[in-house]
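Asker: Kindly return the folded structure for what I paste below:
(chains A and B)
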2 protein chains.
Amino acid sequence: MPKVISFATVGTGKITRKFIEAASHVDGIQLYGVHSRSEDKANQFALDHGVERYYTDLNEMAEEPEIDCVYIASPNSLHYEQAQLFLSHGKHVICEKPMFTTTKEWELSYRLAEQKGVKLLEAVRNIYTPNFERLADQLHQIGQIRSAYLHRNRYSSRYDQFLEGHVDRVFTKEFAGGALMDLGVYPLTLAIALFGEPQASTYFPTLLRSGVDGAGTLVLQYEDFNCTIMCSKISTSYNQSEIHGEKGTIAMDQVAPISKIDFIDLKEPSKNRVSVKEHELDMIYEIQAFVDMMNGMRQQQYEENREIHRIVVHILEKVRRENQIDSV
Amino acid sequence: MPKVISFATVGTGKITRKFIEAASHVDGIQLYGVHSRSEDKANQFALDHGVERYYTDLNEMAEEPEIDCVYIASPNSLHYEQAQLFLSHGKHVICEKPMFTTTKEWELSYRLAEQKGVKLLEAVRNIYTPNFERLADQLHQIGQIRSAYLHRNRYSSRYDQFLEGHVDRVFTKEFAGGALMDLGVYPLTLAIALFGEPQASTYFPTLLRSGVDGAGTLVLQYEDFNCTIMCSKISTSYNQSEIHGEKGTIAMDQVAPISKIDFIDLKEPSKNRVSVKEHELDMIYEIQAFVDMMNGMRQQQYEENREIHRIVVHILEKVRRENQIDSV
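Answerer: Numbering: from 1, shown residues only, chains lettered A, B, ... in the order given. Below is the predicted model of the structure:
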């Protein structure tokens, strides 16, 4: 049996708390320490999660031999540099989505991970779940795919603050924010995981005065259909996401987590539930997969998801540059 | 009280039957005669609808002084020539959507109608209903519009035949068919009626072997938001159409007819039904409006809808040409 993986965290936000909680339900991984630039915050965050070790210096954390793996949930624009630091010290890295903003970062980081014999893992939770597998398995039922509509449109309370003049990092170019980076990455990753690399991609951003996209529509063109993706942090949709085929339609309640999946046969239009009931902490599925991968298992899935990630980063970089919403 | 308008029909399909039935519920308009190229069909269609006069020759019908108005429901590519014929004989013309395929046709036809002192009316039923008015009235409730998703994705039984090798006219370039022309025109017209002329429009068609679009995504770019339109005749969606604002979302069951409209406040997300129960024959609303217009009333609405129509035709022509799915 492989040794338990000791992990440390960068970032003290809600997502990090969720990750730590989910990890506590997974065998083979254990929290070792936490990081915050603020000593008070770091100390409190460690106390909150029952560990003694906390760090205010990333280099010190990177040099700690007891740490096997670092989970990074800092602002998007810091991911690359931090991942490089930990990889170069031989740590596995799990990084929140979107892990990188350019293909160059993707290349250099995976190359470094390989050199160091460690794994680099993007925490894009919606392609690791049982219902993602159900979706992929059931897709053939709808026949030739003719269209897809995947969306993540959710008003953010941070936009209340934005309207009052306080611009949160998620709405800034400096921190690689915006709707596509923050939310669109879920439907985009799902699309690439299901349909592969599109022939073309075009993004229509709705720009905020801070220069990032508050919302947008991304069209992925495949040979026989389009996948239309919508994302927004400044308005909300109550629609399902759907994949439309010549024989039927697959509808899912959301793209992350995918809790309910229905298949509707065009000729007998009644709903047939094909999803399973998942654990309410949906991050446990990715963490289980990451533990396996760090232990040298699931190599094929690791490589497949690395390739999905490459395509996602390529599209993000391309459409953000075309629309001048990239940070550089 | 104005005299009852006598109308004749061109086309003997389901839509013509519906129009005649709806017209029978509207005061001030009465069926006078019908046309089909086949004498048997014309005779039978006249019998079915309780009139004696039928025509196999459009010119003969155009010369009949008793006819005040002609309803045209022929294949799209024939609309222009037929409208010209009847307008030139001083008949009002009601034509099924999409009435024209080019701005040139639009210009020449409205000019001729004006010269002849008659009305030219596109039967695009979804902008004449009480629920369209409710929608327009309630739109302010959602605050600044940030996104819209309007769709018409409905598998056509004619696509069954298409897959078996029989290509119906609605799937041919020759008859100006395809998903955008046949179905997309509903959400497109609704968008223009609600939001006005977009700054830009881009269409992503999914092409069939017959050269037309079986499905497609049309993005209309406005200053502060995108309106994303999807249409398909080769697959089906069960989603609502939605307009997303900074304060709430408006959801409608369909774009034609709009039977149910809900307003959902972002801060108190419960559904508030704002639609009214409409007559099940939703064409009666447009016919009532057309009768009023032919009698010289509702001049402002006539001009507004003519302008909406101009914008719709302009977009259709532009995006079809860009994608080589126009008939010429």
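
Asker: For the closest residue to residue A:48 other than its chain neighbours, which three-state class applies?
Answerer: Distances taken as Cβ to Cβ, 6 or more residues apart in numbering or on different chains place residue A:17 nearest to residue A:48, at 7.9 Å, with adjacent residues excluded. (Each C-beta comes from the backbone N, C-alpha and C, glycine too.) Secondary structure state of residue A:17, per DSSP: H, G, I helix; E, B strand; the rest coil, is helix.

Asker: Please report the distance of residue A:17 from residue A:23.
Answerer: According to Cβ to Cβ, to the nearest Å, residue A:17 and residue A:23 sit 11 Å apart.

Asker: Give me the more crowded residue out of the two.
Answerer: More crowded of residue A:17 and residue A:23, by other Cβ atoms under 10 Å in any protein chain shown: residue A:23, with 25 against 16.

Asker: distance of the residue nearest to residue A:48 from residue A:155?
Answerer: 22 Å.

Asker: Over to residue A:8?
Answerer: 33 Å.

Asker: okay, the two: which has more neighbours?
Answerer: residue A:8 (26 against 23).

Asker: Identify the bridge partners of that one.
Answerer: residue A:33, residue A:70 (DSSP bridges).

Asker: show me the contacts for it.
Answerer: A:31-35, A:53, A:55, A:61, A:64, A:67, A:69-71 (Cβ atoms under 8 Å, 6 or more residues apart in numbering or on different chains).

Asker: how close does residue A:126 get to residue A:96?
Answerer: The value you get for residue A:126 to residue A:96, if Cβ to Cβ is used, is 13 Å.

Asker: what about those two, which has more around it?
Answerer: Neighbour totals were compared for residue A:126 and residue A:96, and residue A:126 leads with 25 against 22 (other Cβ under 10 Å).

Asker: Regarding the nearest residue to the more buried one once chain neighbours are set aside, what is its secondary structure?
Answerer: Leaving out its chain neighbours, the residue that sits closest to residue A:126 by Cβ to Cβ, 6+ apart is residue A:256, at 3.7 Å. Residue A:256 falls in the coil class when you classify it by three-state DSSP.

Asker: Quick one: neighbours of residue A:256, just the number.
Answerer: If we define neighbours as other Cβ under 10 Å, then residue A:256 has 21 of them.

Asker: Run a quick neighbour tally on residue A:270.
Answerer: 8.

Asker: what's near enough to touch it?
Answerer: residue A:264.

Asker: Any buried residues in the longest helix along chain A, and which?
Answerer: Longest helix of chain A, by residue count under DSSP state H: helix A:299-322. For helix A:299-322, the neighbour count (16 or more other Cβ atoms under 10 Å in any protein chain shown) marks A:302, A:305-306, A:308-320 as buried.

Asker: Chain B: which of these is nearest?
Answerer: Each of those was scored against chain B by Cβ to the nearest Cβ, and residue A:319 proved nearest at 13.1 Å.

Asker: Let me know the secondary structure of the residue lying closest to the closest one once chain neighbours are set aside.
Answerer: Once flanking residues are discounted, residue A:319 sits nearest to residue A:203: 3.6 Å by Cβ to Cβ, 6+ apart. The assignment at residue A:203 comes out as strand when based on three-state DSSP.

Asker: Quick check: residue A:203 touching residue A:321?
Answerer: No: taking Cβ atoms under 8 Å as the definition, residue A:203 is not a contact partner of residue A:321, at 10.2 Å.

Asker: Which pLDDT does the model give the residue in the stretch 1-150 of chain A positioned nearest to chain B?
Answerer: Relative to chain B, the nearest point of the stretch 1-150 of chain A is residue A:146 (4.1 Å; Cβ to the nearest Cβ). On pLDDT, residue A:146 comes in at 98.

Asker: Tell me, how many residues neighbour the residue nearest to residue A:73 when sequence neighbours are not counted?
Answerer: Leaving aside its chain neighbours, residue A:73 sits nearest to residue A:11 (3.5 Å; criterion: Cβ to Cβ, 6+ apart). For residue A:11, the count of nearby residues is 21 (other Cβ under 10 Å).

Asker: residues contacting residue A:11?
Answerer: Contacts of residue A:11 by Cβ under 8 Å, 6+ apart are A:35, A:36, A:72, A:73, A:74, A:96.

Asker: Select from those the one having the most neighbours.
Answerer: residue A:35 (26 neighbours).

Asker: Can you give me the buried ones in stretch A:155-164?
Answerer: A:155, A:156, A:158, A:159, A:162.

Asker: now the strands for chain A?
Answerer: Using DSSP state E, the strands of chain A run over A:5-10, A:29-35, A:53-55, A:69-72, A:92-96, A:120-123, A:145-153, A:200-207, A:213-221, A:226-232, A:241-245, A:248-252, A:261-265, A:271-273.

Asker: could you redo these as a markdown table and give each row distance to residue A:107?
Answerer: Shown next, in a markdown table, are the strands of chain A (distance: least, Cβ to Cβ, whole Å):
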| stretch | distance to residue A:107 |
| --- | --- |
| strand A:5-10 | 22 |
| strand A:29-35 | 26 |
| strand A:53-55 | 29 |
| strand A:69-72 | 18 |
| strand A:92-96 | 15 |
| strand A:120-123 | 11 |
| strand A:145-153 | 27 |
| strand A:200-207 | 19 |
| strand A:213-221 | 22 |
| strand A:226-232 | 25 |
| strand A:241-245 | 31 |
| strand A:248-252 | 32 |
| strand A:261-265 | 35 |
| strand A:271-273 | 42 |
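
Asker: Need the winner for burial among the ones you listed.
Answerer: strand A:226-232 (a mean of 28; mean count of other Cβ atoms under 10 Å in any protein chain shown).

Asker: how about the closest residue to residue A:21 other than its chain neighbours, what does it touch?
Answerer: In this structure, residue A:21 finds its nearest non-sequential neighbour in residue A:281, 6.4 Å apart by Cβ to Cβ, 6+ apart. The contact partners of residue A:281, by Cβ under 8 Å, 6+ apart, come to A:18, A:21, A:22, A:25.

Asker: Quick check on residue A:281: phi, psi?
Answerer: With angles defined as degrees, to the nearest 10, residue A:281 sits at phi -90, psi 90.

Asker: Can you tell me the closest non-neighbouring residue to the residue positioned nearest the centre of chain A?
Answerer: When Cα atoms, centre = their mean is applied to chain A, the residue found nearest the centroid is residue A:124 (2.7 Å). Distance criterion Cβ to Cβ, 6+ apart; nearest residue to residue A:124, sequence neighbours excluded, is residue A:97 at 4.3 Å.

Asker: That neighbour is in contact with residue A:126, isn't it?
Answerer: No: look at residue A:97 against residue A:126 with Cβ under 8 Å: they stay out of range, at 9.3 Å.

Asker: Quickly list what's touching both of the two.
Answerer: With Cβ under 8 Å, 6+ apart as the test, residue A:97 and residue A:126 both reach A:186, A:189.

Asker: and chain A, what are its domains?
Answerer: A:5-123+A:284-297, A:127-278 (automatic domain parsing).

Asker: Out of these, the one nearest residue B:252 is which?
Answerer: Residue B:252 lies closest to domain A:127-278 among the domains of chain A, at 11.5 Å (Cβ to Cβ).

Asker: Could you tell me the end-to-end distance of that closest one?
Answerer: 13 Å (Cα to Cα, to the nearest Å).

Asker: Quick one: name the residues of the stretch 101-250 of chain A near chain B.
Answerer: A:146-147, A:149, A:151, A:153, A:155, A:159, A:163, A:202, A:204, A:206, A:214-217, A:219, A:221, A:224-226, A:228, A:230, A:232, A:234-240, A:242, A:244-246, A:249 (Cβ under 8 Å from any Cβ of the partner chain).

Asker: swap the cut-off to 6 Å and go again
Answerer: A:146-147, A:155, A:204, A:206, A:215, A:217, A:219, A:225-226, A:228, A:232, A:234-237, A:239-240, A:242, A:244, A:249 (Cβ under 6 Å from any Cβ of the partner chain).

Asker: Now the two most distant members of the contacts of residue A:11.
Answerer: A:36 and A:96, at 15.7 Å, using Cβ to Cβ across the contacts of residue A:11.
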